[in-house]
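Colleague: Show me how the following folds:
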Amino acid sequence: MNNLALRIVTALIGVGAIIAATVLSPWAFAIVFALIMLLTLKEFYGLAKNSGNHPYEVWGLTFSLILYALIFCYFQLELSTKLFWLLPALFATVLIYPLQAIKKSHAINCTALSTFGVVYIAIPFSLLHSIGFLGGTYSYVLILGILFLQWANDTGAYFAGKTFGKRKLFERVSPNKTWEGSIGGFLLSLVIAYGFYELFGEIGLMEWLGLGAITAIFGTLGDLTESLFKRTLAIKDSGSILPGHGGFLDRFDGLLLSLPFTTAYLHLIL
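Modeller: Numbers count the residues shown, from 1 in each chain. Here you go, the predicted structure:
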């Protein structure tokens, strides 16, 4: 199976599973994305280890899961906000962690990388809950909308870049990305945004188009950010668990940067 066919098959299976879980129930959605978050974070810590550092992986994965679960339970089960005061104390334990670590060297770098993983990966994925419960009760429309907009941006950029790509977008970081590809991804995101407006409504046409534009712009920047990390470590993919796609970090890098902006946008306009 050639690489393109492998990418398509993997994408269809992965997208199908994510859509099914998101539509089925908030619990299925939360479980699937918790798994994606943990696998993505684990890959990030793997990249850090390749640089000779030793991030506190157990701390990062545990804190991220607690953060994610608290936010979901706050919306789904109306969890008391008092429990959120546990987070600063739990977060501060990363400063104690180096004392018991086997390798004491580069403690500051390891602590910084551990906390950065939480900020870079766990917080954006946790923000999905605030979007899903934006209207007070769970609705999958905006979540699916953002996911499809991101996938459209990736797909449009890939095929437009392959077909028309000539002018390099940011050659120093990612030599394969072109302006033509980015424009193709941006335009396809707007088309999908219009399609979601026609199919579901939920928000107005201009709001959907704005969401599509923000997702495309910051999704592209998120992809470049992850490319910079990989280029710094001289590796091609963050992992190999997804045939034809690399790792989870490779597939969700755009979403990680776009989610904070789309979340802010939706809460400001609604």
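
Colleague: shaky segments in the stretch 101-250 of the chain?
Modeller: 101-105, 232-246 (pLDDT under 70).

Colleague: now the strands for it?
Modeller: Counting by DSSP state E, counting those that start in this stretch, the stretch 101-250 of the chain has strands at residues 168-170, 174-178.

Colleague: Leu12 - how many residues pack around it?
Modeller: Per other C-beta atoms under 10 Å, the neighbour tally for Leu12 reads 10. Just so you know, the C-beta spots here come from the backbone N, C-alpha and C atoms, and that holds for glycine as well.

Colleague: In JSON lines, list the strands of the stretch 101-250 of the chain along with mean neighbour count.
Modeller: Output for the strands of the stretch 101-250 of the chain, formatted as JSON lines (neighbours: other C-beta atoms under 10 Å):
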{"stretch": "strand 168-170", "mean neighbour count": "17"}
{"stretch": "strand 174-178", "mean neighbour count": "17"}
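
Colleague: mind checking which of these is nearest Ala69?
Modeller: strand 174-178 (34.6 Å; C-beta to C-beta).

Colleague: distance between the closest one and the chain's centre?
Modeller: Between the centre of strand 174-178 and the centre of its host chain there is 20 Å, according to C-alpha atoms, centre = their mean, to the nearest Å.

Colleague: Now do it: which elements does it pack against?
Modeller: If contacts are counted by 3 or more C-beta pairs under 8 Å, 6 or more residues apart in numbering; DSSP states H and E, strand 174-178 sits against helix 141-164, strand 168-170, helix 205-232.

Colleague: In contact with Asn109: list those residues for me.
Modeller: Asn53 (C-beta atoms under 8 Å, 6 or more residues apart in numbering).
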